[in-house]
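Chemist: Using only what follows, build the 3D model:
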Amino acid sequence: MTTEVYHENREILYEKASRCLPNFPKKPTDFYVAILPHKKSVRNGEWEDLLWLRVRGKHTVAQVKKFYATAFGTQVIFMDGGSVVREDTQIRALNHLKTDLVALWTVAAEREPLGEAGASRQNILALQAEKSVMGKLFSSSSKHDCTLEHKKRRESQLQMISDLRAALATLNRRRSGSQFVIEDRYIPPVIKCTSCPDWTYMVASVSIAMVHVELHLESDSHKAHYLLKSNQRLDSPGSMAPNTAPLSASNPNGKITEAHTRELSMKAHTNYPGFQRQIEEAFKRYTRYRTDCTDCYTFFRNVIRVRYTRHDFPDVCKHTLQHALVPVLNGELRALSQGSSMEAKLVEGGLEVSCTICPAFQVLLGGVSVHPCLQIAKSHLKSAQHNANLKRTKKRHPSAPFQGARASSPLSSKTTFQIPDFSDSDGDLAPAKGEINTYHRAQTRLKRKSDISPREDDKVFNLLSSTTLLT
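Modeler: Have a look, this model is predicted:
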């Protein structure tokens, strides 16, 4: 194919594509890509036949080719002018005219592109003269008519997308296991199933699309993907008949009903009774292992609101379990120091162990554990620096033995914690009417003033961590 025809094909296709650009927005890094289907030729095809895409500049021709094959069911070869475009070519490299418009034509992959017959020089000159005259005669009225027609097509497409969204939303609420979404960045729009990543459908009309969605919803492959995603165990991969009884604590392999699906998928909020009951049960289990904290009310308030979902329950357990271990550590540290000089407290990064006699001693532990903390405290209490500071402190206060910042254990008296009200009211959270009086189960162990062995240390730790929220 000659160079004149090479540029001629590009100019003809670009002229047809630029007559009426799509009006959907794009980012500065995006490009409008106009694709002429393989059943149309460059000379006979019109701008109405073009398939419009909005593609990022970093995407390759192979990605556009895959989308075209999904839309038309045909493998094609992309042509730019008169040459075959390599599949690893980025879209930004085809922006020859620097107008953010890429125009490509296609041929079926079953045959090699033969190109178009080269015209004689006389015909080429005549065609160029005809093109220049036609360009001058292309009035603003024809452009206006083209724009109006494209606007009507765009409005019709937006109405179809709106109707399709409403139909899919109704189906998702009505049917258990229906999780369909629509992506309107494609032309035509595409319906996707969140449970089946390989299933997509290009929309031609709303009624036909909903028929295909219903058929996919009843298919065995969708049921298998949905059950696997819902973490429901199956007796065999080929079995599509789950237990007919509803899912419950006594029947973990039961049928997931619509109520279960909504309860598990919704975020935490005060009007979701299933989430309220689980949070309240967590408070009742873990409150007896903790002491009061000024940050707890804000933390649990966020749990009840939309900031925490059911997947964040391990964070709730971790927060409450940390408060359960801090009194244990402080009791053991007081027993070791015999002067109430060692103290453990929760900070943002984890657990901080400090000594009131040695201000420079502050150790931050990433996790909350009894045994490592006691080992660090023992090493510090045996150090020469600590003994020197202890002697210096006793000389300043010879009349009374040294008492640290916390001479009495917080576990020696009752600690109370108010559970927030889980009512369905839209008002702010209010404390419950009653209070939970909590006593630590290991209180008698912590009052001892003698060191404990690592085996007893682990026994206290296991006692606190034995209760779990979700199994």
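Chemist: all strands for the stretch 51-200 of the chain, in order.
Modeler: Secondary structure of the stretch 51-200 of the chain by DSSP state E, counting those that start in this stretch: the strands cover 51-56, 76-80, 83-84, 101-108, 180-183, 190-193, 200-202.
Chemist: could you dump those to JSON lines with distance to Leu227 and mean pLDDT?
Modeler: C-beta here means a position set from N, CA and C on the backbone, and glycine is covered the same way. Compiled in JSON lines, the strands of the stretch 51-200 of the chain are given as follows (distance: least, Cβ to Cβ, whole Å; pLDDT from 0 to 100):
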{"stretch": "strand 51-56", "distance to Leu227": "35", "mean pLDDT": "86"}
{"stretch": "strand 76-80", "distance to Leu227": "38", "mean pLDDT": "86"}
{"stretch": "strand 83-84", "distance to Leu227": "45", "mean pLDDT": "83"}
{"stretch": "strand 101-108", "distance to Leu227": "40", "mean pLDDT": "85"}
{"stretch": "strand 180-183", "distance to Leu227": "17", "mean pLDDT": "82"}
{"stretch": "strand 190-193", "distance to Leu227": "14", "mean pLDDT": "85"}
{"stretch": "strand 200-202", "distance to Leu227": "21", "mean pLDDT": "81"}
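Chemist: wait, which of these is closest to Phe67?
Modeler: strand 51-56 (7.2 Å; Cβ to Cβ).
Chemist: Let's see that closest one as CSV, backbone CA atoms only.
Modeler: What follows is strand 51-56, C-alpha atoms only, in CSV (Å, rounded to 0.1, in the frame of the first residue of the first chain):
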residue,chain,number,x,y,z
LEU,A,51,-17.9,2.2,18.3
TRP,A,52,-16.8,4.8,20.8
LEU,A,53,-14.6,4.1,23.8
ARG,A,54,-13.0,6.2,26.5
VAL,A,55,-9.6,4.6,27.1
ARG,A,56,-6.6,5.6,29.3
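Chemist: That one vs strand 101-108, what angle?
Modeler: Taking axes from the mean of the first three to the mean of the last three Cα atoms, to 10 degrees, one finds strand 51-56 and strand 101-108 inclined to each other by 120 degrees.
Chemist: what comes up buried for strand 51-56?
Modeler: By neighbour count on 16 or more other Cβ atoms under 10 Å, the buried set for strand 51-56 is Leu51, Trp52, Leu53, Arg54, Val55.
Chemist: which other helices and strands contact it?
Modeler: strand 30-36, helix 61-72 (3 or more Cβ pairs under 8 Å, 6 or more residues apart in numbering; DSSP states H and E).
Chemist: The longest one: which residues count as buried?
Modeler: Read that as helix 61-72. Val61, Val64, Lys65, Phe67, Tyr68, Ala71, Phe72.
Chemist: okay if I get the helices and strands packed on strand 51-56 as TSV plus distance to Arg19 and mean pLDDT?
Modeler: Listed next are the helices and strands packed on strand 51-56 as TSV, based on distance: least, Cβ to Cβ, whole Å; pLDDT from 0 to 100:
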stretch	distance to Arg19	mean pLDDT
strand 30-36	10	87
helix 61-72	22	85
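Chemist: Put the alpha carbons of the helix or strand hosting Lys395 into PDB.
Modeler: Assigned by DSSP states H and E, Lys395 belongs to helix 384-396. Extracted in PDB, the C-alpha atoms of helix 384-396 (Å, rounded to 0.1, in the frame of the first residue of the first chain):
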ATOM      1  CA  ALA A 384      22.600  -0.700  88.400                       C
ATOM      2  CA  GLN A 385      20.900   2.500  87.200                       C
ATOM      3  CA  HIS A 386      17.600   1.600  88.800                       C
ATOM      4  CA  ASN A 387      19.200   0.600  92.100                       C
ATOM      5  CA  ALA A 388      21.100   3.900  92.200                       C
ATOM      6  CA  ASN A 389      17.900   5.900  91.500                       C
ATOM      7  CA  LEU A 390      16.100   3.900  94.100                       C
ATOM      8  CA  LYS A 391      18.700   4.700  96.800                       C
ATOM      9  CA  ARG A 392      18.600   8.400  95.800                       C
ATOM     10  CA  THR A 393      14.900   8.400  96.200                       C
ATOM     11  CA  LYS A 394      14.900   6.800  99.600                       C
ATOM     12  CA  LYS A 395      17.500   9.400 100.800                       C
ATOM     13  CA  ARG A 396      15.100  12.200  99.800                       C
END
